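# Quick one: sequence and predicted model below, then my questions.
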Amino acid sequence: MADDAPGGGSPLPNPGVGLGSVEKYPKELAWQTRPPYRVVSRDEFGEVKWKGGCHCGRVTYEVNREQPLKAKYCHCRGCQVVHGAPFQWAAIFQKSDISFINGADGLAFYASDRKTTKYELPTKVSCAYCRTPIMDEGRNMCLLFPGTIHFGDSQEEQDAWMKAFEISCHIFYSQRSLNILDGKQKWSGMDENSDLVDDYGKKV
Ligand SMILES: [Zn+2]
Ligand SMILES: [Zn+2]
């Protein structure tokens, strides 16, 4: 990071100089000016397909895409510990599919790779007050936690939510806390990059 700090010796002019957003934000906070933290107008964001937020209500967000690119359960130990849950349920979205209503305000970050609460990618994003985990922000994508989506009170609405965020596979199944007999694709580690296993973790 040091090499792209202001005055860090780069001979190239900073293309951002003169832009209001850059002048207003110190360079280390420039991430707040891009999705999903940049506050966008309704017109720009488009039709809202889902709304969600944390338990205490301080953090709210909107999603402009009906279905994630992919949804999965991650059974890795890191997810078990950080979520205090048997596994993590994550739905992959483009960053521009999501918009935090209060921008970056009220959010807390934890980059588990480096064990720091400084904003560094990839990072876990939660409510700074009630600590509800909201998503993992990667370098290119966001892994939103569908448990934080608000759906209506009717069974139809619940069914729609279940269908939209239904998983296509399990990952890091070798570290699981329970067997899940759903017949879905299961990877011992990362998807597409580890062994396929059955519901009981046996290599297939
Ligand atoms: Zn909260
Ligand atoms: Zn995991």
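Received the coordinates, thanks. Numbering: from 1, shown residues only. Ligands and ions are numbered 1, 2, ... in the order given.

# before we move on, what SS does residue 43 have?
helix (DSSP: H, G, I helix; E, B strand; the rest coil).

# quick one: pLDDT of it?
As predicted, residue 43 sits at a pLDDT of 93.

# Around it, how many other residues sit close by?
For residue 43, the tally of surrounding residues (other CB atoms under 10 Å) stands at 6. Just so you know, the C-beta spots here come from the backbone N, C-alpha and C atoms, and that holds for glycine as well.

# Over to residue 178?
8.

# residue contacts, it?
Applying CB atoms under 8 Å, 6 or more residues apart in numbering to residue 178 gives the contacts residue 86.

# How about residue 128?
58, 106, 107, 108.

# Give me the spatial nearest neighbour of the last one, chain neighbours excluded.
Same thing as residue 108. residue 128 (3.9 Å; CB to CB, 6 or more residues apart in numbering).

# Give me the mean pLDDT for whichever helix or strand residue 61 is part of.
In the assignment (DSSP states H and E), residue 61 maps to strand 60-63. Mean pLDDT, strand 60-63: 98.

# which helices and strands does the helix or strand following it pack with?
Using DSSP H and E, the next helix or strand after strand 60-63 towards the C-terminus is strand 70-74. Packing partners of strand 70-74 (3 or more CB pairs under 8 Å, 6 or more residues apart in numbering; DSSP states H and E): strand 88-94, strand 169-171.

# Please identify the buried residues of strand 70-74?
71, 72, 73, 74 (16 or more other CB atoms under 10 Å).

# Can you list the buried residues in the helix or strand following it?
Next helix or strand after strand 70-74 toward the C-terminus (DSSP H and E): helix 77-83. Residues of helix 77-83 classed as buried: 79, 80, 82, 83 (neighbour count, 16+ other CB under 10 Å).

# Equivalent analysis for stretch 90-102, please.
So for stretch 90-102, counting by 16+ other CB under 10 Å, buried means 90, 91, 92, 93, 95, 96, 97, 98, 99, 100.

# any idea how far the longest helix seen in the chain is from the chain center?
With secondary structure taken from DSSP state H, the chain has its longest helix at helix 155-164. Relative to the mean C-alpha coordinate of its chain, helix 155-164 is positioned 21 Å out (CA atoms, centre = their mean, to the nearest Å).

# Run the angle between that helix and strand 70-74 for me.
Orientation of helix 155-164 against strand 70-74 (axes from the mean of the first three to the mean of the last three CA atoms, to 10 degrees) gives an angle of 80 degrees.

# got the contacts of residue 128 as a markdown table, with neighbour count columns?
Formatted as a markdown table, the contacts of residue 128 follow (neighbours: other CB atoms under 10 Å):
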| residue | neighbour count |
| --- | --- |
| 58 | 16 |
| 106 | 18 |
| 107 | 24 |
| 108 | 17 |
